[in-house]
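Chemist: need a structure here:
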Amino acid sequence: MIVQLRIDDRLIHGQVALVWSKELGTPGILVANDQAAVNNTVKMTLKMACPPGIKLIVKGVDDAVGVIQDPRAEKMRIFALTRNVKDALKLVKACQEKICEVNLANAGKFDSDMGEKINFPGNRVSLTPSELEAARELAAIMGDRFFSQLIPTTSKVTVTEMLQSLKK
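Modeler: Next comes the predicted model:
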């Protein structure tokens, strides 16, 4: 079971390794990212950033669906990470009943797409129009279980509220 699917440009970093993995009490982290899955240097870097004692699996998005749907994963508490909203939407569409919540933490700041971006209040989320459309679809599926929360001690803001703030 995926206790949280976090959307974060940086994948594994200090907040993920030291704060979220402990807060969520997960013995495993699943990185679902097509580029990381085929790049040995990136995989090695992610393994070095992963906390000791936590199992790390790095898979492409389609292969990550297989990991989530594997019956052995049903009783495990897994923290999953994607780099963008589209990949998170793909995982939710394929595995909705196995994903407890989705956290839009940091997105769009480090991607190579230099085209038009929509910046959300708070300056941690910047989405292209197609990523924004994926966020709307994900919000329709997940409701209040799709939120933005940087660290566990900050309050959650639903993505639905964030989307509504863009209209003002």
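Chemist: Going by C-alpha atoms from here, please, whenever you check contacts or count neighbours.
Modeler: OK.
Chemist: What is the longest strand seen in the chain packed up against?
Modeler: Counting by DSSP state E, the longest strand found in the chain is strand 2-8. If you count contacts as 3 or more CA pairs under 8 Å, 6 or more residues apart in numbering; DSSP states H and E, strand 2-8 packs onto strand 78-82, helix 85-95, strand 102-106.
Chemist: What ranges does this structure have for its strands?
Modeler: 2-8, 28-32, 55-59, 78-82, 102-106, 118-119, 126-127, 146-148, 157-158.
Chemist: Strand partners (parallel or antiparallel) of the fourth one?
Modeler: Within its sheet, and counting by DSSP bridges, strand 78-82 is paired with strand 2-8 (parallel), strand 28-32 (parallel).
Chemist: need those strands in TSV with mean neighbour count, can you?
Modeler: What follows is those, written out as TSV (neighbours: other CA atoms under 10 Å):
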stretch	mean neighbour count
strand 2-8	24
strand 28-32	24
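Chemist: for these, which one sits closest to F147?
Modeler: Closest of the strands paired with strand 78-82 to F147 is strand 2-8, at 9.8 Å (criterion: CA to CA).
Chemist: what about the strands paired with strand 78-82, which gets the closest to S165?
Modeler: Nearest of the strands paired with strand 78-82 (CA to CA): strand 2-8, 19.9 Å.
Chemist: I'd like the mean pLDDT over that closest one, please.
Modeler: Strand 2-8 shows a mean pLDDT of 97.
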